[in-house]
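1. Structure for this input, please:
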Amino acid sequence: MVIVPRDEGLDVLEPMDFRRFSVSAGPTAERRSTAVVSYDGDAAWVAEAALRAWPGGTEIAGWQDGLSAMIAYARTKGWVRADGAVRAHFEP
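-> Below is the predicted model of the structure:
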């Protein structure tokens, strides 16, 4: 799954790929923190609430369940912050 932050929310590419989780800043490769994504070193942190609010998440059968399983796995690895943000790789 690839997250593309937008001024108003986010876009999700490859939404059913729950084995990979990354943030792409798009062609500008700008690392600008928003309410959806923040950056810490080489990691990006994506707000769980923003993921859950993604409109496509209600249109794709099984997506919310897959997201829940991915976040549960990330939690076992220490990749979920106390505020619920999920760690992602950053891809310029």
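
2. Return the distance of the most centrally placed residue in the chain relative to residue 22.
-> Nearest to the mean C-alpha position of the chain, counting by C-alpha atoms, centre = their mean, stands residue 46 at 4.5 Å. As judged by C-beta to C-beta, to the nearest Å, residue 46 and residue 22 stand 10 Å apart. Glycine gets a C-beta too; all of them are placed from N, C-alpha and C.

3. which residues do those two both contact?
-> By C-beta atoms under 8 Å, 6 or more residues apart in numbering, residue 46 and residue 22 have these common neighbours: 3, 88.

4. what does the longest helix along the chain rub up against?
-> Assignment by DSSP state H gives helix 63-76 as the longest helix of the chain. Helix 63-76 is contacted from outside by 1, 15-16, 18, 21, 48, 51-52, 56-58, 80, 86-87, using C-beta under 8 Å, 6+ apart.

5. picking that back up, from what I see, the residue nearest to the centre of the chain and residue 86 are in contact.
-> Yes - using C-beta atoms under 8 Å, residue 46 makes contact with residue 86 at a distance of 5.2 Å.
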